[in-house]
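1. Okay, structure incoming, though there's no sequence with it:
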């Protein structure tokens, strides 16, 4: 059964998160007939990703209707789902989030979701995301906001505490873990089966087995 909806993708110009999201949306038919509205404040990036979305849509036969705009509020009107993959000057500031604490003896894994780097990332990101939430409350209050940006857990916590928007965090950590395990074990990814549990960015692989034999790896 198909789910026909209007899906608004804010931050669609992202070459990182945009490509990941396109991969998930265009390789299945459950969204056939839905409208995918791509939104970004950078017209050049938006144009490039819109062209890519159109090509993937045609090649995959996903059957989505692709539209684009730089006007977020116009895009949100009537949306059923809102995807967020935005960040503010991501790479330059992320580097500072890591290097400044390191200068004072604080080592972080990435400096993106936890520790002092995660705090800085949160403080500059939340005002923007809460602006999105206010628009959603006004223009499409029944929409589900799917957050695909970091700091993942802190954004979702803030939305739950300071907005009326229904929101969920999206992280492909379990699937990424499967790939990392396969690489470490020098095995094809298709032969490794994993089971996981936890929350976004706090995930544990509870079982790692050979997909065909069931052998505990």
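-> Noted; the coordinates are in hand. Just so it is clear, the structure is predicted and the values come from calculations on it, not from any experiment.
2. Now for residue 123, how many residues are close by?
-> 11 (other CB atoms under 10 Å). (Each C-beta comes from the backbone N, C-alpha and C, glycine too.)
3. quick one, what contacts it?
-> By CB atoms under 8 Å, 6 or more residues apart in numbering, the contact set of residue 123 is empty.
4. What distance do you get for it to residue 160?
-> For residue 123, the distance to residue 160 (CB to CB, to the nearest Å) stands at 18 Å.
5. Which stretches in this structure count as helices?
-> 17-26, 43-60, 72-76, 90-103, 115-139, 152-162, 173-184 (DSSP state H).
6. Make TSV out of these and add distance to residue 193 and mean pLDDT.
-> Below are the helices of the chain laid out as TSV (distance: least, CB to CB, whole Å; pLDDT from 0 to 100):
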stretch	distance to residue 193	mean pLDDT
helix 17-26	20	84
helix 43-60	26	94
helix 72-76	39	97
helix 90-103	33	93
helix 115-139	32	96
helix 152-162	25	94
helix 173-184	8	88
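7. Which of those sits closest to residue 6?
-> Nearest to residue 6 among the helices of the chain is helix 72-76; the distance by CB to CB comes to 8.9 Å.
8. Counting neighbours, which bits of that closest one end up buried?
-> Judged by neighbour count (16 or more other CB atoms under 10 Å), helix 72-76 contains these buried residues: 72, 75, 76.
9. Tell me which residues touch the residue positioned nearest the centre of the chain, please.
-> Nearest to the mean C-alpha position of the chain, by CA atoms, centre = their mean, lies residue 148 at 2.0 Å. Counting by CB under 8 Å, 6+ apart, residue 148 touches 17, 20, 21, 83, 84, 85, 170.
10. If we use 6 Å, what do you get?
-> Contact partners of residue 148, counting by CB atoms under 6 Å, 6 or more residues apart in numbering, are 17, 85, 170.
11. nearest residue to the last one other than its sequence neighbours?
-> Residue nearest to residue 170 in three dimensions, not counting chain neighbours: residue 148, with 4.7 Å by CB to CB, 6 or more residues apart in numbering.
12. Among the contacts of residue 148, find me the one that's closest to residue 46.
-> Distance to residue 46, by CB to CB, is smallest for residue 85 among those, at 12.7 Å.
13. Hmm, residue 13 and the closest one touching each other?
-> No - Residue 85 lies out of contact with residue 13 (CB atoms under 6 Å); the separation is 9.1 Å.
14. the more surrounded of those two?
-> Set residue 85 next to residue 13 and count neighbours by other CB under 10 Å: residue 13 wins out with 25 against 22.
15. Cross-check the contact I'm expecting between the more buried one and residue 42.
-> Yes - counting by CB under 6 Å, residue 13 does reach residue 42; the two are 5.0 Å apart.
16. Distance of the residue nearest to residue 170 relative to residue 184?
-> Residue 148 is 26 Å from residue 184, by CB to CB.
17. Since that was my last question, I'll sign off now.
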